[in-house]
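*Asks:* sequence first, then the predicted structure, then my questions.
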Number of protein chains: 2
Amino acid sequence: MKKAIGLLLWLTAVSVQAAESAPAAAPNGVTLPAYFKEWRIIGVSQRNDKQSLRAILGNPAAVEAARQGRTQPWPDGAILAKIAWKDAALPEWPAAIVPGELQHVEFMVKDAGKYVATGGWGFARWLGNALVPYGKDAAFDQECFQCHGAVKARDYVFTRPVVIP
Amino acid sequence: MKKAIGLLLWLTAVSVQAAESAPAAAPNGVTLPAYFKEWRIIGVSQRNDKQSLRAILGNPAAVEAARQGRTQPWPDGAILAKIAWKDAALPEWPAAIVPGELQHVEFMVKDAGKYVATGGWGFARWLGNALVPYGKDAAFDQECFQCHGAVKARDYVFTRPVVIP
């Protein structure tokens, strides 16, 4: 019982934060999107093999694509962010796993023409609160790409976007 | 190494969705915020005792308060949303717990004067994709409030807002 209202001018006054100085680019040239923490949610996950909790956000192009089912493939311009924290137990309710120390923020930037060598996605990761770029040289992203090969059938994206009523 | 840019006009054209007809109000009169799925993230969690994954979002007033540390108490006007899904294993990576069936969406609406009987918060929950209001009568929220008594020292809020660099 939903309808799309279509393109609506979404206007709201919010205070946002940006780094005083942007962190260094990843070795493959991908830069950190300045306002990714203002993006909307498209998924959450918990990794038993990594003991970490994740929030997956999308830029407006990615959120639009996810809601419209245009993810085979995702359109150029879509960017997915994954924020990973170490698992922690909430002291007042220990059965609840909540975010502990920030591990890293990761991104997938869709540009089918530019990132041919990695499935049309530019992969990047920054470590910890200091946002230190991950990877020794420009070929680091082959590590990302090979792991994401497990979901080649879904355009290399692990996240299945949630549908919120 | 962050600075607040202050109030910035956040202008972006996005398509949003609203229910054709809003779901019924909760028995205590709390109504479902129409555009909560456009809100920003303030936390994630996984409940071992409930086998569920949660995303916690905040309306602009809540996100501002969380980022500025104004949560003892949270200000009137802040609204927190918790979206809960049943745990599911990602087929391509079974060690990853991902959202399965939607269980419910829950809200805490801060109004210290209006909701005196429940710690200054209006509690509400809607079940499943049909968004069926939870609770038999207006006193149902005492159940919410009693459980949240475990975190009375943090203004009855389980979520510890994440800090994203």
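*Replies:* Thanks, I have the structure now.
*Asks:* tell me the contacts of the residue lying farthest from the centre of chain A?
*Replies:* For chain A, the largest distance from the centre (CA atoms, centre = their mean) belongs to A:Glu92, which lies 29.7 Å off. Taking CB atoms under 8 Å, 6 or more residues apart in numbering or on different chains, we find A:Glu92 in contact with B:Ala150, B:Val151, B:Phe158. Glycine gets a C-beta too; all of them are placed from N, C-alpha and C.
*Asks:* buried ones only from those, please, as a ChimeraX command.
*Replies:* One line in ChimeraX is enough to select the buried members of the contacts of A:Glu92, burial here meaning 16 or more other CB atoms under 10 Å in any protein chain shown:
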select /B:151,158
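*Asks:* pick the one among the contacts of A:Glu92 closest to B:Ser21.
*Replies:* B:Phe158 (31.2 Å; CB to CB).
*Asks:* quick check: closest non-adjacent residue to that closest one.
*Replies:* B:Val151 (5.3 Å; CB to CB, 6 or more residues apart in numbering or on different chains).
*Asks:* just A:Lys86 next, same as before
*Replies:* A:Gly100 is the one closest to A:Lys86 (CB to CB, 6+ apart), at 4.1 Å.
*Asks:* beyond the helix or strand of chain A with the lowest mean pLDDT, next helix or strand please.
*Replies:* Least confident helix or strand of chain A, by mean pLDDT, DSSP states H and E, is strand A:2-19 with a mean of 47. Sequence order places strand A:40-47 as the next helix or strand after strand A:2-19, per DSSP states H and E.
*Asks:* pairing partners for the most centrally placed residue in chain A in the sheet, please.
*Replies:* For chain A, the residue nearest the mean C-alpha position is A:Ala81 (1.4 Å; CA atoms, centre = their mean). According to DSSP bridges, the residues that bridge with A:Ala81 are A:Leu57, A:Phe107.
*Asks:* wait, what's in contact with it?
*Replies:* Counting by CB under 8 Å, 6+ apart, A:Ala81 makes contact with A:Pro33, A:Phe36, A:Trp39, A:Ile56, A:Leu57, A:Gly58, A:Asn59, A:Val105, A:Glu106, A:Phe107.
*Asks:* may I ask which of those has the most neighbours?
*Replies:* A:Ile56 (29 neighbours; other CB atoms under 10 Å in any protein chain shown).
*Asks:* spatially nearest residue to it (excluding sequence neighbours)?
*Replies:* Here the residue nearest A:Ile56, using CB to CB, 6+ apart, is A:Gly43, at 3.8 Å.
*Asks:* same question for A:His148.
*Replies:* That would be A:Tyr156: by CB to CB, 6+ apart, it lies 4.3 Å from A:His148.
*Asks:* any low-confidence regions in chain A?
*Replies:* Counting by pLDDT under 70, chain A has low-confidence residues at A:1-20.
*Asks:* circling back: what distance do you get for the residue farthest from the centre of chain A to A:Gln46?
*Replies:* Using CB to CB, to the nearest Å, A:Glu92 is found at 19 Å from A:Gln46.
*Asks:* go on, A:Lys136?
*Replies:* 29 Å.
*Asks:* these two: who's more crowded?
*Replies:* A:Gln46 (21 against 7).
*Asks:* that one touches A:Ile56, doesn't it?
*Replies:* No - if you go by CB atoms under 8 Å, A:Gln46 and A:Ile56 don't touch, sitting 11.9 Å apart.
*Asks:* closest to B:Val63 among the contacts of A:Glu92?
*Replies:* Nearest to B:Val63 among the contacts of A:Glu92, with distances taken as CB to CB, is B:Phe158, at 17.0 Å.
*Asks:* now the closest one, what are its backbone angles?
*Replies:* B:Phe158 adopts backbone torsions of phi -70, psi -40, taken as degrees, to the nearest 10.
*Asks:* mind listing what it touches?
*Replies:* Contacts of B:Phe158 by CB under 8 Å, 6+ apart are A:Leu90, A:Glu92, A:Trp93, A:Ala96, B:Ser45, B:His148, B:Ala150, B:Val151.
*Asks:* hang on, A:Glu143 in a helix?
*Replies:* Yes - the assignment for A:Glu143, made by DSSP: H, G, I helix; E, B strand; the rest coil, places it in a helix.
*Asks:* for the residue nearest to it when sequence neighbours are not counted, give me its contacts.
*Replies:* Distances taken as CB to CB, 6+ apart put A:Gly135 closest to A:Glu143, at 7.9 Å, once the chain neighbours are dropped. Counting by CB under 8 Å, 6+ apart, A:Gly135 makes contact with A:Ala26, A:Pro27, A:Asn28, A:Arg125, A:Asp141, A:Glu143.
*Asks:* chain B versus A:Gly135, what's the distance?
*Replies:* Distance, A:Gly135 to chain B, by CB to the nearest CB, to the nearest Å: 18 Å.
*Asks:* mind pulling up the phi and psi values for that residue?
*Replies:* Dihedral angles for A:Gly135 - degrees, to the nearest 10 - are phi 110, psi 140.
*Asks:* again with the one 5 residues further on
*Replies:* The main-chain torsion angles of A:Phe140 are listed as degrees, to the nearest 10 and equal phi -60, psi -30.
*Asks:* one more: A:Ala25?
*Replies:* According to degrees, to the nearest 10, A:Ala25 has phi -70, psi 160.
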